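Novice: My questions are about this predicted structure, shown below with the sequence.
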Amino acid sequence: MRLMSNNFEYGYDAVDTYVESLFLKNDAVLEKTITSIQKSGMPQISVYPNLGHFLSLLVKISKSKRILEIGTLGGYSAIWLARALPEDGTLVTLERQENYADTARANIEEAGMKEKVDIRIGDALAILKSMIKSEEAPFDLMFLDAHKPSYKQYLNHALSLSRPGSIIVADNVIFSEDVIEPKENDEMASGIHQFNQAIAKHPKLDATILPLVSKKGLDGIALALIK
Ligand code: SAH
Ligand code: DHB
Ligand code: MG
């Protein structure tokens, strides 16, 4: 299925750049974080700057003190999230790749956020299971951004680590138009579509998706409030 994209005078890039130029200041630490990700050959899939800013606003609006992030990469979104926390706030962030976690740790330290961020290395599903087993305190906000086919499982675990009023945010829920009508063998698109269906019909969730445009094209984030 082809979506009508860029069917206007300015492209997605221009829209993204316009918002950046209005609301974003130069930020040496975040720029260095992006450079470190490029230099170390990690995938360049950090949230884009306007979305990082949006996430930080969600943290402040919800007065979150405990955040869970699934998928750290180089720590770019972690820095946005951690900066929005109060002094006594905590971000627990999960990353499978030890070398990515090393890069993230250095970037988070550079950002002065070391005290607030707890990077846990390993498979997210395994870590989540052990967190549930050890009855870890609920999180106020959970940001899902790791392995796309596992999103539905992340959701179920996140629900076990939540309280009424907690927020679940998920990145890349419209990462491609294929999400709308996934092909049978497309694990990523069908994983995301199943996640989207799950949050839509879950009796404990009040959820929606915000479609987004950026330099990276079309995408969307899901927002769900636990009843
Ligand atoms: N949130 C980051 C981007 C995360 S990219 C940011 O915006 O800055 C997705 C990350 O999830 C990658 O670093 C990848 O290594 C990690 N990941 C993928 N599968 C995982 C798994 N099963 N367990 C833990 N981390 C995983
Ligand atoms: C991919 C993952 C992401 O989290 C993202 O924001 C963009 C792309 C990916 O795995 O391709
Ligand atoms: Mg993402």
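Specialist: Received the coordinates, thanks. Numbers count the residues shown, from 1 in each chain. Ligands and ions are numbered 1, 2, ... in the order given.
Novice: Show me which residues of the protein sit near ligand 1.
Specialist: Where proximity means CB under 6 Å from any ligand atom, the interface of the chain facing ligand 1 comprises 45-47, 71-73, 76-77, 94-97, 100, 123-124, 145-147. Just so you know, the C-beta spots here come from the backbone N, C-alpha and C atoms, and that holds for glycine as well.
Novice: other SSEs contacting the longest helix belonging to the chain?
Specialist: In the chain, taking DSSP state H as the definition, the longest helix is helix 187-201. Under the contact criterion of 3 or more CB pairs under 8 Å, 6 or more residues apart in numbering; DSSP states H and E, the helices and strands touching helix 187-201 comprise helix 151-160, strand 167-170, strand 205-214, strand 217-226.
Novice: how about the ones you listed, which one is nearest residue 30?
Specialist: When the helices and strands packed on helix 187-201 are ranked by distance to residue 30, counting by CB to CB, first place goes to strand 205-214 at 15.6 Å.
Novice: Tell me the helices and strands packed up against that closest one.
Specialist: Using 3+ CB pairs under 8 Å, 6+ apart as the contact test, the elements touching strand 205-214 are helix 12-23, helix 49-61, helix 187-201, strand 217-226.
Novice: Which among the ones you listed is found nearest to residue 171?
Specialist: Nearest of these (CB to CB): strand 217-226, 5.8 Å.
Novice: Please name the strands paired to that closest one in the sheet, noting orientation.
Specialist: In the sheet, strand 217-226 lines up against strand 167-170 (antiparallel), strand 205-214 (antiparallel) (DSSP bridges).
Novice: does that strand come close to ligand 2?
Specialist: No: where contact is defined by CB under 6 Å from any ligand atom, no part of strand 217-226 touches ligand 2; the two come within 7.4 Å at best.
Novice: Contacts for that strand, please.
Specialist: 3, 5, 12, 51, 54, 58, 159, 162-177, 195-196, 199, 202, 204-213 (CB atoms under 8 Å, 6 or more residues apart in numbering).
Novice: when you check ligand 3, which of these turn up near it?
Specialist: On the criterion CB under 5 Å from the ion, 171, 172 are the entries of those that sit beside ligand 3.
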